[in-house]
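[1] what would the 3D arrangement of this be:
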Amino acid sequence: MSFKTKFQLSFMMFLEFFIWGGWFVTLGTFLGNNLNATGGEIAQAFSTQSWGAIIAPFIIGLIADRYFNAERILGVLHLVGAFLMYQMYQADEFALFYPYILGYMILYMPTLALVNSISFSQMKDPAKEFSPIRVFGTIGWIVAGLVISYIFFWDSPESIQAGMLKNTFLMVGIASAVLGLFSFTLPKTPPSVNKDEKVSVADMLGLDALKLLKDRNFLVFFISSILICIPLAFYYQNANPFLSEIGMENPTGKMTIGQASEVLFMLLLPYFFTKFGFKKTIIAGMLAWTARYLLFAYGDAGSLTFMLLLGIALHGICYDFFFVSGQIYTDSKAGEKYKSAAQGLITLATYGVGMLIGFWIAGQITDNYLISENSHDWASIWRFPAIFAFAVAIIFALLFKNEKIEYKE
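    Have a look, this model is predicted:
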């Protein structure tokens, strides 16, 4: 791969995740403080990610894979996304805001698969070449958080009160327009499927991989994957509002510690996987969720700030040890025939079904522990996902029979 192509793909990844991290992290804080949204309404907004994940396979399977070059679709989706971001920037009440975020996430979620397709099409050995490109996505997410907290200070109490947090949508809208235009300069990635070839709904959603559920171990893993996404939703939905509400300075910037941790533990994962095996690695990931939420429940923005920072830093174990290990396990069980279908099914089950349920539950519990306007009993709220994650870990430990899985990059 030429230096020019590497630069193009790296810049594409940087902007792709700069865009997501530049508004999604602070969404709950913005909605609660600036649009006076309830916990239930905030849950609806976050659930658009799940609806996007559910609908994305249809956009990819019916359009991207059959009729148009991937880079052109990526460009169009991000240009339309820039317009929708500007509309979110202008919205002054939740009823106006929601249709735009729903439309945006339905368009954005397919781009996650498109940037991967464009990258893979330029690689001779994706196992070695993809990671150095994909890491720029994580860097983009980190930079977005640092810009919000340490350059513009949009998440400071004064700025939130003044409504400055809405500027994140304007910033991301500009970045989306840049990526939209830049996409048309990317290497050509023609359709991968003949437009006359019939593709069923089952193919697009990966439902053929349901045959794998006959394997008892995979069934336990599959159900556990859905269940663990329920406590995961609490973090996405509540972490930034929680840190802002209790008075932590630069909360968005400090949350990027989680992404730095993700890179570190991604590098350490092969060691843990080889040393301790799949079952122990994935249980460690589940228990990390419990530990994180207990740290959030009993930490504070004063003398116990270290507990909150440690909870954020656990993100690498929480995400990598469960989700990345799970992708490796799924790949090993599926074999060549169901490889793509199985990964699609797991994505649909976790980011689609699991997190859709999780966001709804998180919204109900958050509203239930509202003490006064913009004040919550956070200790009680965080105990729920801590207990739930621990219960899922116990169930998985008891029902999943240990089996040897080789780590494959």
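
[2] which residue sits closest to Ala291, ignoring its sequence neighbours?
    Leu314 (6.2 Å; C-beta to C-beta, 6 or more residues apart in numbering). For every residue, glycine as well, the C-beta is placed using N, CA and C.

[3] which secondary element of the protein has the worst mean pLDDT?
    helix 201-205 (a mean of 63; mean pLDDT, DSSP states H and E).

[4] so which elements touch the longest helix along the chain?
    With secondary structure taken from DSSP state H, the chain has its longest helix at helix 257-298. On a contact count with 3 or more C-beta pairs under 8 Å, 6 or more residues apart in numbering; DSSP states H and E, helix 257-298 meets helix 126-146, helix 216-245, helix 305-313, helix 315-319, helix 325-347, helix 378-399.

[5] so how far is that helix from its chain's centroid?
    Its chain's average C-alpha position is 16 Å from that of helix 257-298, according to C-alpha atoms, centre = their mean, to the nearest Å.

[6] cool, stretch 43-58 as well?
    That offset, for stretch 43-58, works out to 11 Å (C-alpha atoms, centre = their mean).

[7] in that stretch, what counts as buried?
    43-57 (16 or more other C-beta atoms under 10 Å).

[8] quick check: domain ranges of the protein?
    Segmentation of the chain into domains, based on automatic domain parsing, reads 1-188, 201-409.

[9] what about the protein, any weak spots by pLDDT?
    For the chain, applying pLDDT under 70 flags the ranges 60-62, 64-65, 127, 192-206, 336-337, 339-340, 406-409.

[10] quick one, helices of the stretch 1-150 of the chain?
    3-21, 27-34, 39-59, 70-90, 94-120, 126-146 (DSSP state H, counting those that start in this stretch).

[11] indicate which one of those helices is closest to Met248.
    Met248 sits nearest to helix 27-34 of all these, at 11.4 Å, using C-beta to C-beta.

[12] and the contacts of that closest one?
    37, 41-42, 45-46, 94, 97, 155, 160-161, 163, 165-166, 168, 237-238, 240-241, 244, 251, 374 (C-beta atoms under 8 Å, 6 or more residues apart in numbering).

[13] out of those, which end up buried?
    Buried among the contacts of helix 27-34 (16+ other C-beta under 10 Å): 37, 41-42, 45-46, 94, 97, 155, 160, 165-166, 168, 237-238, 240-241, 244, 251.

[14] what about Ala70, distance to Ser372?
    50 Å (C-beta to C-beta, to the nearest Å).

[15] which of these two has more residues huddled nearby?
    Ala70 (27 against 6; other C-beta atoms under 10 Å).

[16] now do the SS call for Lys188.
    Assigned with DSSP: H, G, I helix; E, B strand; the rest coil, Lys188 falls in the coil class.

[17] what sits against it?
    Per C-beta under 8 Å, 6+ apart, neighbours of Lys188: 69, 71.

[18] one more pass at 10 Å, please.
    Taking C-beta atoms under 10 Å, 6 or more residues apart in numbering as the criterion, Lys188 is in contact with 69-72, 118, 121-122.

[19] so how far is Leu9 from it?
    13 Å.

[20] on that earlier part again, what's the most distant pair in the contacts of Lys188?
    Once C-beta to C-beta is applied, the contacts of Lys188 give Arg72 and Gln122 as the farthest pair, at 15.8 Å.

[21] picking up where we left off before, intersection of neighbour lists for Lys188 and Leu9?
    Shared between the contact lists of Lys188 and Leu9 (criterion: C-beta under 10 Å, 6+ apart) are residues 118, 122.
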